[in-house]
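Peer 1: Sequence first, then the predicted structure, then my questions.
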There are 2 protein chains.
Amino acid sequence: MAVGPGTLPEFFPITGVELGIASAGMKKPGRKDIVLFSLAEGTQVAGIFTRNQFCAAPVTLSRKHLAAAMPRYLLINTGNANAGTGERGLADAAVCCEALAAAAGVDGQQVLPFSTGVIGEPLPVAKIVAALPDALADTRVDRWAEAANGIMTTDTRPKGASVQVDLGGHTVCISGISKGAGMIRPNMATMLGFIATDARIAPDVLQSLASELGEQSFNRITIDGDTSTNDACMLMASGCYGGPEITADSPLLAPLKDALRQVYMDLAHAIVRDGEGATKFVTIEVNHAVTVNEALDVAYTVAHSPLVKTALFASDPNWGRILAAVGRAGVEGLDLNALEIYLGDVCLVSNGGRADDYSEERGKAVMNQEEITIRIDLKRGAVSETVWTCDFSHDYVTINADYRS
Amino acid sequence: MAVGPGTLPEFFPITGVELGIASAGMKKPGRKDIVLFSLAEGTQVAGIFTRNQFCAAPVTLSRKHLAAAMPRYLLINTGNANAGTGERGLADAAVCCEALAAAAGVDGQQVLPFSTGVIGEPLPVAKIVAALPDALADTRVDRWAEAANGIMTTDTRPKGASVQVDLGGHTVCISGISKGAGMIRPNMATMLGFIATDARIAPDVLQSLASELGEQSFNRITIDGDTSTNDACMLMASGCYGGPEITADSPLLAPLKDALRQVYMDLAHAIVRDGEGATKFVTIEVNHAVTVNEALDVAYTVAHSPLVKTALFASDPNWGRILAAVGRAGVEGLDLNALEIYLGDVCLVSNGGRADDYSEERGKAVMNQEEITIRIDLKRGAVSETVWTCDFSHDYVTINADYRS
């Protein structure tokens, strides 16, 4: 199951960023499970990685390589996460990077590895290395849709976004793909995202954009509250668009950021829409909190409540479960009598209890929709935060009780 | 579904504590949904209540009455939680207390009200008041089993425990009942517990026992991470056993506490065994943590992970999911290379990855059992904590997607 239309957009090619695809036979014979990004010299790369303390070997190595050199290749495999694999996992990931570097004539540190799949199995290095010539043989700027398919694991559909924006008379293109459907929660999840643009962006600005936009999008989605060991979201800027370098004080930064934000949001929301077993796309807005943390505590407590999520699956406007979740979010001194809770435009809770004009019919009418907004107005401060999640269905249990078999 | 045998024990009667049962027709006609505890004059009562900030009206009133007077009656209804009902809810609960007090010849403040059921519907006061004469007509010491049935909501079976212990030549009896199956997590959940003894216990000691034993038992269980608005666990001591008052420095306190702990643990574990949709009873032990909080953070993160819980349902020894949960528990500086994770006696993780002598067959053999212990040795401090939980099955979704319909 998944929510909303699942078609890929038309991808704008990014000059300087070519994609290669191959099959290493990691899980199913013939399945495309290797994706390469080949970056023109001078391409700037920034990223954010999982905050899970037991990050996977490729995450450790990507962080290290990114700090040491200018990347020329991103090497992504599905079917195996190379996580929980100890020292051997690090050595295995390094072997893959070296093999690609040798074939492409760059340094091993110029390759960033990414893996997603089952945790704890040794990486099938020989299979990956054997597939590299195929992946390198036909790298092109027009293979984004194939790449979006190539990085899928339990995803039911590929995820992509692409926009163009005019920056001072120069057209900038931004394209991105992402993957992820379970073990999703802020701090990255089993989620990979790759966004590229042909804009020329100063390195410090690129890292700020990667951090800030990642925080507002991928780090605000949750499917099941689990954070994976492998997540990464990379932002690449080839600089080929023909315009000036965009620095922190450039007037072009704001429109660029807006365009990038659109791609980040679309890719992050696409993961929620394809959440394991999802039948609803749910926006949880918390308004008038005192701090960001208290807004997020309330939003995530509601978003993670299995009782709220099963009520959403049942299209049941069970506002008592939402109220109980807000009450246990750990925010000191909440005033139940001031608080208001809305489902879409329908007020559920006000004056300490069910809203006077609430009726089950009105609540049910909102709940029957495929896209639902729960708005919680704490009425005590000036901070608002939004997170996105999905419901909790029978299919979630089926998918996760059967994944390895 | 439920885990393990579900029969009630033989209850030892508690002199000074009588039980009355009646049907108010709250949800189903004829169903026993009102339970009364009638306490002999001089009975000491202590308790712990939900930490949900939006506690229900009966919780607010019970706290107030307990502080103001010596309770003579506990009045429990199922079918309606009287939560999210604002000022009217408080007034409704007070009316029920006053009606019982008038019929029994005590003060309204000597009645403690408890409610469990649907949130946000007005309490059907007239139905409850009409049932009180029936409940008062035949209060007896031998109605514990009926009472255990009378307080059930989504429970699939009644829960009770009873022990006798010799204290300095005097036999002390302890009996208790509990209810709860969903919206269960530390800090009380939709859980009610009533434990009575004929021991004579100093009031300050009684409150200490209620707090400490509640913390070690009911506040260490979790089914779905949700905390209800209505939870309460009461400890009553009638003092009729014939021995001396047990004070903080009495040598009889230790054996009394051990006996009470057994009843608290049995009642708390019975709730997990009857967790909504439960097919496994899971003990999560965290050893060698630096602080209680870090041990509990790790234990609850594993216990609440939907991915771990669905793997338990599938009897899948998917240790990568356990490892990922430990890694995102928010404990700073965990050393993955020192850490060990056991499933029963089988070591899953050591030296930073899958244990050398681990095999799927050995893991699967433990997972196939109905009672499973996951032990996580952090190898960094001297603190151990244990929590109890159950798995996450299709039936959990079914139960909670259909509860109100």
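Peer 2: Now that the structure is in, tell me what you want to look at.

Peer 1: make it CA atoms for all contacts and neighbour counts henceforth
Peer 2: Noted.

Peer 1: so how many other residues sit close to the residue in the stretch 101-250 of chain A that chain B sits nearest to?
Peer 2: Nearest residue of the stretch 101-250 of chain A to chain B: residue A:119, at 5.1 Å (CA to the nearest CA). Residues lying near residue A:119 (other CA atoms under 10 Å in any protein chain shown) number 27.

Peer 1: again, but for residue A:41
Peer 2: There are 13 residues near residue A:41, going by other CA under 10 Å.

Peer 1: is it true that the residue of the stretch 101-250 of chain A closest to chain B touches residue A:83?
Peer 2: Yes - look at residue A:119 against residue A:83 with CA atoms under 8 Å: they come within range, at 5.1 Å.

Peer 1: quick one, what contacts residue A:197?
Peer 2: A:14, A:172, A:173, A:174, A:175, A:235, A:236, A:237, A:238, A:239 (CA atoms under 8 Å, 6 or more residues apart in numbering or on different chains).

Peer 1: Report the beta-bridge partner residues of it.
Peer 2: residue A:174, residue A:237 (DSSP bridges).

Peer 1: can you check residue A:377 too?
Peer 2: Bridge pairing for residue A:377 - DSSP bridges - gives residue A:287, residue A:340.

Peer 1: What's the separation between it and chain B?
Peer 2: Remark: distance between residue A:377 and chain B (CA to the nearest CA, to the nearest Å) = 15 Å.

Peer 1: tally of neighbours for that residue?
Peer 2: Neighbour tally, residue A:377, other CA under 10 Å: 20.

Peer 1: Residue A:281: what's it in contact with?
Peer 2: Contacts of residue A:281 (CA under 8 Å, 6+ apart): A:3, A:272, A:273, A:370, A:371, A:372, A:388, A:389, A:390, A:391.

Peer 1: Give me the pLDDT for the fourth one.
Peer 2: In other words, residue A:370. In this model, residue A:370 is scored at 93, pLDDT.

Peer 1: out of the contacts of residue A:281, who's nearest chain B?
Peer 2: Checking the contacts of residue A:281 one by one against chain B (CA to the nearest CA), the nearest turns out to be residue A:391, at 10.7 Å.

Peer 1: For the closest one, which non-adjacent residue is closest in space?
Peer 2: residue A:309 (4.6 Å; CA to CA, 6 or more residues apart in numbering or on different chains).

Peer 1: The stretch 251-400 of chain A: strands as residue ranges?
Peer 2: A:281-289, A:340-343, A:346-350, A:353-354, A:371-377, A:383-390 (DSSP state E, counting those that start in this stretch).

Peer 1: Could you identify which of the ones you listed has the lowest mean pLDDT?
Peer 2: Taking the mean pLDDT of the strands of the stretch 251-400 of chain A, strand A:353-354 comes last: a mean of 86.

Peer 1: for that one, the distance to its chain's centre please.
Peer 2: 36 Å (CA atoms, centre = their mean, to the nearest Å).

Peer 1: Then stretch A:148-161?
Peer 2: 12 Å.

Peer 1: average model confidence for it?
Peer 2: On average, stretch A:148-161 scores 90.

Peer 1: which outside residues touch it?
Peer 2: Residues contacting stretch A:148-161 (CA under 8 Å, 6+ apart): A:1-2, A:6-9, A:11, A:21, A:32-35, A:76-79, A:116-117, A:145, A:175-182, A:263, A:266-267, A:270-271, A:274-276.

Peer 1: Only the buried members of those: can you turn that into a PyMOL selection?
Peer 2: Here is the PyMOL command that picks out the buried ones among the contacts of stretch A:148-161, judged by 16 or more other CA atoms under 10 Å in any protein chain shown:
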select buried, chain A and resi 1+2+8+11+21+32+33+34+35+76+77+78+79+116+117+145+175+176+177+178+179+180+181+182+263+266+267+270+271+274+275+276
